[in-house]
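Undergrad: Structural data only, the sequence is not supplied:
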């Protein structure tokens, strides 16, 4: 793992624990972060809060960027929720980045459950 990614995981340890992110896999330009939806993560409808799903995706994108030593912040993001995540589901955020021009990278990520459903 690159030094910058090691440093990021150390600095993010409290956030990772607080948000419940469980497993982080990082390869060149790619990252996967997992989360099991627990009772304190669901909203009044019994579904995982959308903000937490977004944070999961954003975290995976950050690690994918950092895997190539791209240090930065999210400038713009768009998310489409195709179905609710339910209590007990394991979510996998998978992200990939592609360098663009200058200091900009483009990232693409998906969040699915273990059955591959988005």
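TA: Structure's in. What do you need? Nothing here was measured: the structure is a model prediction, and the numbers come from that model.
Undergrad: Give the other helices and strands that the helix or strand bottoming out on mean pLDDT in the chain contacts.
TA: For the chain, using mean pLDDT, DSSP states H and E, the weakest element among its helices and strands is helix 3-11, scoring a mean of 75. Contacting helix 3-11 under the criterion 3 or more Cβ pairs under 8 Å, 6 or more residues apart in numbering; DSSP states H and E are the following elements: helix 50-66. For every residue, glycine as well, the C-beta is placed using N, CA and C.
Undergrad: Give the buried residues for the helix it packs on.
TA: 52-53, 55-66 (16 or more other Cβ atoms under 10 Å).
Undergrad: again, but for stretch 86-93
TA: 89, 91, 92, 93.
Undergrad: Check stretch 7-18 too.
TA: Neighbour counts over stretch 7-18 (16+ other Cβ under 10 Å) mark 8, 12 as buried.
Undergrad: How far does it sit from its chain's centre?
TA: When distances are taken as Cα atoms, centre = their mean, to the nearest Å, stretch 7-18 is centred 13 Å away from the chain's centroid.
Undergrad: which residues does residue 42 bridge with?
TA: residue 48 (DSSP bridges).
Undergrad: quick one: contacts for it?
TA: By Cβ atoms under 8 Å, 6 or more residues apart in numbering, the contact set of residue 42 is 48, 49, 87.
Undergrad: Would you mind measuring the gap between the ends of stretch 67-85?
TA: Terminal residues of stretch 67-85 are spaced 28 Å apart (Cα to Cα, to the nearest Å).
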